[in-house]
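>>> need a 3D model of the sequence below.
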Amino acid sequence: MPDGDVVYYGVGRGYAGAYNELCEGYFSDEHVAGTIAKALRKSLKRYGNQPVTLVIQTFADVSSAASSGVVIQPVQESYQIDETARQLMGHRRGTPLAADASKEYVMQVSQGIGHTVTVVSVLRGYVSRVLQADFYEHLPLLNHHNDVAPEIIDQRLEKVRPHLDAEIERIAAHIAKTGRVDRLRKEPRDHATPQPDFAGMDISMPGDRQDNEHEDA
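Numbering: from 1, shown residues only. Just a heads-up that it's a prediction; the model follows:
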């Protein structure tokens, strides 16, 4: 196999490492979240700055209009978002995801809850959609690597999710501050890179287990 032990199944090449870590179960939840976030940053860079420009511009225009007392019409704003997206000529996968996040914000404003929404939260909606489209939707439903049961993968993902949500929040905040994705990078950490989590794993040698069995007998 050209890529060594990496197994892709339906997962995109960029997320293969994260998928393998999920299946193997050796690494900590925080480490797996970091691996997924690394692939996510690459996806965002590949989709370019145009999608985030669409989100930021929509937020600025709609929030300004709403604060001025203008009644926001979702259908009209949706058409404007699509028109702006065409003018930006952004990535064919990333731009529709950004448009969806922008339209969700428009709906929130029209429902009277837009004042609680920040540009970071709208960008978080875009980033989350990229992760959903590029990673979650490509996870196999059956026949996982190492014959791991789907229920086990779901359980591991639930444990990873809080750490991944924090990663997404940092990414969205960085984009909101810079207005760009081409300089996204891993946030510095105060601790070393997490190592494989062997807690609870039986790493004794076969002879050790036999000795223990004789002692217990």
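>>> going forward, measure contacts between C-alpha atoms and count neighbours the same way
OK.
>>> for the residue nearest to the spatial centre of the chain, give me its contacts.
Among the residues of the chain, Leu131 comes closest to the average C-alpha position under C-alpha atoms, centre = their mean, at 3.7 Å. Contact partners of Leu131, counting by C-alpha atoms under 8 Å, 6 or more residues apart in numbering, are Leu40.
>>> tell me if it really is in a strand.
No - read with DSSP: H, G, I helix; E, B strand; the rest coil, Leu131 is helix and lies in no strand.
>>> pLDDT wise, what is Leu22 at?
Reported pLDDT at Leu22 in the predicted model: 87.
>>> that one against Ala33, yeah?
No - if you go by C-alpha atoms under 8 Å, Leu22 and Ala33 don't touch, sitting 9.7 Å apart.
>>> quick one, longest helix in this protein?
When the chain is scanned for its longest helix (criterion: DSSP state H), the result is helix 150-178.
>>> which stretches in this structure count as strands?
Applying DSSP state E to the chain gives no strands.
>>> pLDDT below threshold where in it?
1-10, 142, 144-146, 187-217 (pLDDT under 70).
>>> surely Thr122 touches Lys103?
Careful, residue 122 is Val; it's not Thr. No - checked against C-alpha under 8 Å, the pair Val122 and Lys103 is beyond contact range at 9.7 Å.
>>> would you list every one of the helices in this structure?
16-24, 29-47, 50-67, 74-88, 94-110, 119-134, 150-178, 206-216.
>>> out of those, nearest to Leu141?
Nearest of those to Leu141, taken as C-alpha to C-alpha: helix 150-178 at 6.7 Å.
>>> report all helices and strands that the closest one contacts.
helix 16-24, helix 29-47, helix 119-134 (3 or more C-alpha pairs under 8 Å, 6 or more residues apart in numbering; DSSP states H and E).
>>> what angle sits between the last one and helix 150-178?
Meaning helix 119-134. 140 degrees (axes from the mean of the first three to the mean of the last three C-alpha atoms, to 10 degrees).
>>> C-alpha coordinates for helix 119-134, PDB please?
Presented in PDB, the C-alpha positions along helix 119-134 are these (Å, rounded to 0.1, in the frame of the first residue of the first chain):
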ATOM      1  CA  VAL A 119     -19.600  37.600  13.200                       C
ATOM      2  CA  VAL A 120     -17.600  34.900  15.000                       C
ATOM      3  CA  SER A 121     -20.700  32.800  15.400                       C
ATOM      4  CA  VAL A 122     -21.600  33.200  11.700                       C
ATOM      5  CA  LEU A 123     -18.100  32.200  10.700                       C
ATOM      6  CA  ARG A 124     -18.300  29.300  13.100                       C
ATOM      7  CA  GLY A 125     -21.300  28.200  11.200                       C
ATOM      8  CA  TYR A 126     -19.300  28.200   8.000                       C
ATOM      9  CA  VAL A 127     -16.300  26.400   9.500                       C
ATOM     10  CA  SER A 128     -18.700  23.800  11.000                       C
ATOM     11  CA  ARG A 129     -20.300  23.200   7.600                       C
ATOM     12  CA  VAL A 130     -16.900  22.600   6.000                       C
ATOM     13  CA  LEU A 131     -16.100  20.000   8.700                       C
ATOM     14  CA  GLN A 132     -19.500  18.400   8.200                       C
ATOM     15  CA  ALA A 133     -19.200  18.200   4.400                       C
ATOM     16  CA  ASP A 134     -15.500  17.200   4.300                       C
END
